[in-house]
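Student: fold the following, please.
(chains A and B)
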Amino acid sequence: MLASSFLLVAAAAYMGLLFVIATIGDRRAVTGRSLINSSIVYALSLAVYCTSWTFFGSVGRAATRGLDFLPIYLGPTLVFCLGWAFLNRILRVSKAHRITSIADLLASRFGKSGAVAGLVTVIAVIGSVPYIALQLKAVSTSLKVLHDYQGGLGGSGILRDTEIWVACVLALFAILFGTRKIDASERHEGIVAAVAFESIVKLVSFVAVGLFAGVVLFDGFGDIFARASAEPSLAQQFKLGGPLAGIDWITMTFLAMAAIVCLPRQFQVMVVENVDERHLDRALWLFPAYLLAINLFVFPIALAALLTVPKGTDPDTLVLTLPLVAGYSGLALLAFLGGLSAAASMVIVETVALSTMICNDLVVPLLLRCGWLGLGTRPVLLGIRRAAIVIVVLLGFTYVRLVRETYGLVSIGLVSFAAVAQFFPAIVFGLFWRRATRAGVLTGVSLGFVVWAYTLLLPSIGSQGWLPRELLEHGAFGLSALRPSALFGLDGLDPVTHGVFWSMLLNITAIVGVSLFVDQSALERGQAALFVDDWNGLKRDEGRLWRGTAQVADLVQLVGHFLGEARTREAFAEEARRRGRDPALLAADAGTVNLAERLLAGAIGSASARVLVASVAHEEPIGAEEVMRILDETSQAIEYSRRLERQSQALEATTAELRRANERLRELDRLKDDFVSTVSHELRTPLTSIRSFSEILLDNPSLEEGRRQEFLRIVVAESERLTRLINDMLDVAKIQSGSVEWHMESVSVAAVAREAATALGQLFRDKNVALMVDLPEDISTTLADRDRLFQVVVNLLSNAVKFSPKDAGRVTLTVVNEADGVRLSVADNGPGIAPAHRDMIFERFRQVGDMLTAKPEGSGLGLAISRMIIEHFGGRAWVEDAPSGGAVFNVWLPRKRAAASAA
Amino acid sequence: MPREVRRRDRLVALFALGVALFNPPVLWLFTGATVFGWPLLFVYLFCVWGVVTALIALTVERKGSWSNRANVKE
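Tutor: Okay, here's the model as predicted:
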């Protein structure tokens, strides 16, 4: 029904279509109207995950083991739940650091380490070869099935060697669209467009086969299940087995979770080919939905095929044989194209991703070390990549030819998954644990890889008879503990589960263990901070410590070798613009050197870029001591500035204090002037009257006796007043200068008050003013100078008499105990003192009242002196309203404390 | 807490729930039986799968993308 020539033409036409799509994709990318700038195309390109393993292998696995093909797709669904927490972070970090592959990611995180990059690349290549072989084998097998089924035109030499042709076409495709240019972004829009298209073909053809099985061959899917459950051998596959099958299930879920992140081709489409971060959002559910759709029909197809196809058919070809047996060769052709799509997209993306890694992380570092990388570098790099693609495809082809088919498609794929899963702990620790070290990762990944090779790779190769059987059956050196399928006697597990368990155990233990005991280098620590702490991945390593001598011209020339002169100049000009400088004056500082390194990293990987730039920039290594010194200097500077700040604050405070003192001084100066003028005025008044009366007496000797007597009395009175004034002023001066001798002793305020009242009795009687005295017995004593206190009380009482109305005056002298002192009050019923004057009257020469008409008797210093005395005793003097009108003068003195009495 | 952070955390919780639901021993609860002639395990797995996918869609398709967030520390 299907002539082999027709088959070949169909396959060739389909490949031709892919070439056309890829070409359009590349053209559109150049003109800026990107074909792949859409979240749907992005999600479809992620479906490169579904290879011929999914297309043919899942059905084969479902036919033999039931539903346990599913964890491989449930794992990625789960990881995509972590899209924002985990995948987005990888995306951001990778974009910020121009990371081009999974090897580059780990190398960059662990101190731009060439060793890490190389190790990861080697493992990725070794792990991927069987996987690529699996695709080639699937395509050739499916061609053979289609061909043989019609009874065979036989003898067609082309079909006998299909693998080599498939390999050639796919390698050609990868070379044409994967190594067209060396670009800092390392994106291949043509390939992504083709892969997205192939994902649609995969899905459509597989769903077509599924619907065909359910609707055409059987009476609905219920019918398939019903008939299958009638057969005991098939009904068995409805179930999930016991604990062992459960462990396998969990292992496969884990492997798939690791693979969706770590597979080189997944990293390529998810991270490197990503046009816009936001595309990931929709892909977070579109991709799981795609997986769900393509897997929905796997189990029904498998059951339908088992019910229809003759026993003994290779389970991995059931997708094709089912339509063929039913006579639908057109559908079989569609299924074949779906399978071809699945295989082709995987091989193309995987080889491109691997070629980048081989070139950037293996060959370039070697060439750099040998100093063979000179002028005309770009063609050399492209040549390396092309050669790498050819080599990888050839390795796959060789593997197909040499390794006889003992394993199913899924088993081969799982072995590959287990290999790349060795990167998974490194990535997770790398992104979330700052102290994960280069040494830890190198140890862990190497150990994991060795265990993987011993427990999984060795048996698959060994089964070909190239290795002594004793090694496989009895373990290395005849130690049964080292049997590859039962390491340390762990027997009975599925080989994949067994290998994954031991490799992961050692891998994770070593990463954690070594990281906890080995220190990071300065560069490593810096990179770790950039990857772990800056969770948005937006910061670049611009703040890095860098010291060396570099010429911008050298840097431009170096980067130009790889990216082309024009592009490089443009990038440097852009940097100059960003910093607001003239491009011609751009200095070769840390920022510029980092720019060069970043640009180069896009083309040849971060580890190589670092080595290259260092060769031009003559970077001087910065040792730990130096870093410590810089830190010391910095903290010292901070300390100085802090101290300076404190001092300037103190200075400010002092200035304010000085200003206040200055103001006070001026005030005092003004007061002194006032005082002097007041004193001279006060002295002049009595002097003037004494002089004038004396002159009258002198000039008029005939003055009558009565007048003379009166004038002389005035002279005497004024002289007395002058004397009093001078005495008071001397008092004030003495108290103020501190030259008064205070005889401090324990004094009873009540006794002093009584004494004063008695002494002034005559004064009160003269003016006919009533004096009420209220002195309780139990008044506390106070520490004071008795005579001075007496002076104060007398002053207050004489003031009271002075201002009390004649004949109707009432003065009350009260002493009471208060909380911690004694209060003495003198109340009168005079005119009282307005609130505005209450403070003033304690100042010198302030007498309240009309100065012109009624000049009160007294110097005007009495209250000032009283207040000074009381304040010297630690008390207060103030005036307030009396309840009966008039004023109350209060004096409060502190109670004598025990300590004071002891002193 | 910014709403994107809250949505991201819900997705992380969905991941944890999914790990439990997609693996033994929960799966052992659904093995063997059939529902309307369909294998229960098959129906269960695809139903949960569909619900998980729909929940991711509902969470990420709302306004405000994680990628657009300003550089704020959580």
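Student: mind giving me the packing neighbours of the helix or strand where A:V93 lies?
Tutor: For A:V93, the enclosing helix or strand under DSSP states H and E is helix A:88-96. Other helices and strands packing on helix A:88-96, by 3 or more C-beta pairs under 8 Å, 6 or more residues apart in numbering or on different chains; DSSP states H and E, are helix A:102-109, helix A:424-432. Glycine gets a C-beta too; all of them are placed from N, C-alpha and C.
Student: looking at these, which is closest to chain B?
Tutor: helix A:424-432 (12.6 Å; C-beta to the nearest C-beta).
Student: orientation of that closest one relative to helix A:88-96 in degrees?
Tutor: Put simply, helix A:424-432 runs at 80 degrees to helix A:88-96, going by axes from the mean of the first three to the mean of the last three C-alpha atoms, to 10 degrees.
Student: the closest residue to chain B within the stretch 651-800 of chain A - how many residues pack around it?
Tutor: For the stretch 651-800 of chain A, the residue closest to chain B is A:E652, as judged by C-beta to the nearest C-beta, at 35.8 Å. Residues near A:E652, counting by other C-beta atoms under 10 Å in any protein chain shown, number 10.
Student: which pLDDT value belongs to it?
Tutor: For A:E652, the model assigns a pLDDT of 91.
Student: distance check, it against A:A529.
Tutor: 40 Å (C-beta to C-beta, to the nearest Å).
Student: confirm that the residue of the stretch 651-800 of chain A closest to chain B sits in a strand.
Tutor: No. Judged by DSSP: H, G, I helix; E, B strand; the rest coil, A:E652 forms no part of a strand; its state is helix.
Student: by mean pLDDT, which helix or strand of chain B comes out lowest?
Tutor: Least confident helix or strand, chain B: strand B:34-35 with a mean of 82, by mean pLDDT, DSSP states H and E.
Student: hmm, back to that, among the helices and strands packed on helix A:88-96, which comes closest to A:A388?
Tutor: Minimum separation from A:A388 across the helices and strands packed on helix A:88-96 (C-beta to C-beta) falls at helix A:102-109, 12.9 Å.
Student: got the angle for the closest one vs helix A:88-96?
Tutor: Using the same axes, to 10 degrees, the direction of helix A:102-109 lies 80 degrees away from that of helix A:88-96.
Student: elements contacting helix A:102-109?
Tutor: Packing contacts for helix A:102-109, counted by 3+ C-beta pairs under 8 Å, 6+ apart, involve helix A:88-96, helix A:114-149, helix A:264-267, helix A:329-357, helix A:424-432, helix A:522-532, helix A:606-617.
Student: neighbours of residue 13, how many?
Tutor: All of this refers to chain A. Around A:A13 there are 11 residues (other C-beta under 10 Å).
Student: not quite, go with chain B.
Tutor: B:A13, neighbours per other C-beta under 10 Å, totals 11.
Student: does it lie in a helix or a strand, and which?
Tutor: Secondary structure (DSSP H and E) places B:A13 in helix B:3-21.
Student: please apply the same query to A:Q520.
Tutor: Applying DSSP H and E, one finds A:Q520 in no helix or strand.
Student: now it. Its backbone dihedrals?
Tutor: Main-chain torsions, A:Q520, degrees, to the nearest 10: phi -90, psi 150.
Student: now the stretch 601-750 of chain A against chain B: closest residue?
Tutor: Nearest to chain B in the stretch 601-750 of chain A, going by C-beta to the nearest C-beta, is A:G602, at a distance of 20.6 Å.
Student: model confidence for that residue, exactly?
Tutor: 76.
Student: that one falls within a helix, correct?
Tutor: Yes. Residue state for A:G602 (three-state DSSP) corresponds to a helix.
Student: what about A:T812, which SS state?
Tutor: Applying three-state DSSP: A:T812 is strand.
Student: if I look at the residue positioned nearest the centre of chain B, how far off is A:H837?
Tutor: By C-alpha atoms, centre = their mean, chain B has its centre lying nearest to B:V52, at 3.2 Å. As defined by C-beta to C-beta, B:V52 lies at a distance of 90 Å from A:H837.
Student: so who does A:D731 touch?
Tutor: A:V740, A:L861, A:I865 (C-beta atoms under 8 Å, 6 or more residues apart in numbering or on different chains).
Student: A helix includes the first one, no?
Tutor: No. If the criterion is three-state DSSP, then A:V740 is coil and not within a helix.
Student: for the residue nearest to it when sequence neighbours are not counted, grab the count of nearby residues.
Tutor: Closest residue to A:V740 apart from its sequence neighbours, by C-beta to C-beta, 6 or more residues apart in numbering or on different chains: A:K734 at 4.7 Å. For A:K734, the neighbour count with other C-beta under 10 Å is 13.
Student: doesn't A:D728 make contact with A:K734?
Tutor: No. Counting by C-beta atoms under 8 Å, A:K734 stays clear of A:D728, with 10.5 Å between them.
Student: one step back: pipe the helices and strands packed on helix A:102-109 into TSV and attach mean pLDDT, distance to A:L763 and mean neighbour count per row.
Tutor: Listed next are the helices and strands packed on helix A:102-109 as TSV, based on pLDDT from 0 to 100; distance: least, C-beta to C-beta, whole Å; neighbours: other C-beta atoms under 10 Å in any protein chain shown:
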stretch	mean pLDDT	distance to A:L763	mean neighbour count
helix A:88-96	87	99	21
helix A:114-149	89	110	24
helix A:264-267	94	113	26
helix A:329-357	91	118	27
helix A:424-432	94	98	21
helix A:522-532	81	93	19
helix A:606-617	75	105	23
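Student: which stretches of the stretch 651-800 of chain A form strands?
Tutor: A:744-748, A:770-774, A:781-785 (DSSP state E, counting those that start in this stretch).
Student: what's the burial count for the residue found closest to A:D494 once you drop the neighbours it is linked to in the chain?
Tutor: Excluding its sequence neighbours, the residue lying closest to A:D494 (C-beta to C-beta, 6+ apart) is A:D248, at 4.9 Å. Neighbours of A:D248 under the rule other C-beta under 10 Å: 22.
Student: what's the mean pLDDT across the biggest helix by length in chain B?
Tutor: When chain B is parsed with DSSP state H, its longest helix is helix B:40-60. Predicted confidence along helix B:40-60 averages 94 (mean pLDDT).
Student: so for that helix, what gets flagged as buried?
Tutor: Neighbour-count burial for helix B:40-60, counted by 16 or more other C-beta atoms under 10 Å in any protein chain shown, picks out B:40-46, B:48-49, B:52-53, B:55-57, B:59-60.
Student: likewise stretch B:6-24?
Tutor: B:7-8, B:10-12, B:14-15, B:18-19, B:21-24.
Student: farthest pair in those?
Tutor: Comparing every pair within those by C-beta to C-beta identifies B:R7 and B:P24 as the most remote, at 29.9 Å.
Student: if I look at B:C47, how far off is chain A?
Tutor: Per C-beta to the nearest C-beta, to the nearest Å, B:C47 is found 10 Å from chain A.
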